[in-house]
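1. requesting a structural model of the entry that follows:
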Amino acid sequence: MDTKRTWGYLSLLLGCVSILWGAISISGFIGQAQVLHDVGGLVPIGGHERIYVDHVATAIRSKYQLILAIGIFFSLLGGWMMKGQWGKS
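-> Next comes the predicted model:
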């Protein structure tokens with residue numbers, strides 16, 4: 001097995017795992033964001049509490065989007081490296 005094919009398999013594997021992790025995390029974030037906003041609404045509005053809840057939700061969402069983007073990148077990289085390698089043994 002040559003180096004390009006090995007790194008292609010590893011990139012595809014890492015990319016697929018990252019996409020799966022990112023997709024599950026983003027779907028879980030939808031419920032988590034609703035809970036954060038509900039709890040933020042229960043906290044007495046004394047100034048910055050609501051802004052803090054929105055800031056936390058934005059930070060969590062950007063982290064999950066980064067994981068998903070990295071997964072897409074590695075999948076594309078692995079697919080490019082494996083181009084023409086599927087039928088070979």
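2. rest of the way, CA atoms for contacts and neighbours
-> OK.
3. where does this protein dip in pLDDT?
-> Scanning the chain for pLDDT under 70 picks out the ranges 1, 36-37, 39-53, 86-89.
4. grab the longest helix from the chain for me.
-> With DSSP state H setting the assignment, residue counts place helix 3-42 as the longest helix in the chain.
5. how about that one: buried residues?
-> 5, 8-9, 11-19, 22-23, 25-26, 29, 33, 36, 40 (16 or more other CA atoms under 10 Å).
6. please compute how far whichever helix or strand comes after it lies from its chain's middle.
-> Counting by DSSP states H and E, the element after helix 3-42 in chain order, helix or strand, is helix 49-81. Relative to its chain's centre, helix 49-81 lies at 4 Å (CA atoms, centre = their mean, to the nearest Å).
7. in terms of secondary structure, what does helix 49-81 contact?
-> Helix 49-81 sits against helix 3-42, with contacts defined as 3 or more CA pairs under 8 Å, 6 or more residues apart in numbering; DSSP states H and E.
8. now the angle between helix 49-81 and the helix it packs on, please.
-> Computed by axes from the mean of the first three to the mean of the last three CA atoms, to 10 degrees, the angle separating helix 3-42 from helix 49-81 equals 170 degrees.
9. by contact count, what packs against helix 3-42?
-> Going by 3+ CA pairs under 8 Å, 6+ apart, helix 3-42 lies up against helix 49-81.
10. now do the same contact list for the nearest residue to Tyr64 once chain neighbours are set aside.
-> Closest residue to Tyr64 apart from its sequence neighbours, by CA to CA, 6 or more residues apart in numbering: Gly22 at 5.6 Å. Listed by CA atoms under 8 Å, 6 or more residues apart in numbering, the contact partners of Gly22 are Tyr64, Gln65, Ile67, Leu68, Gly71.
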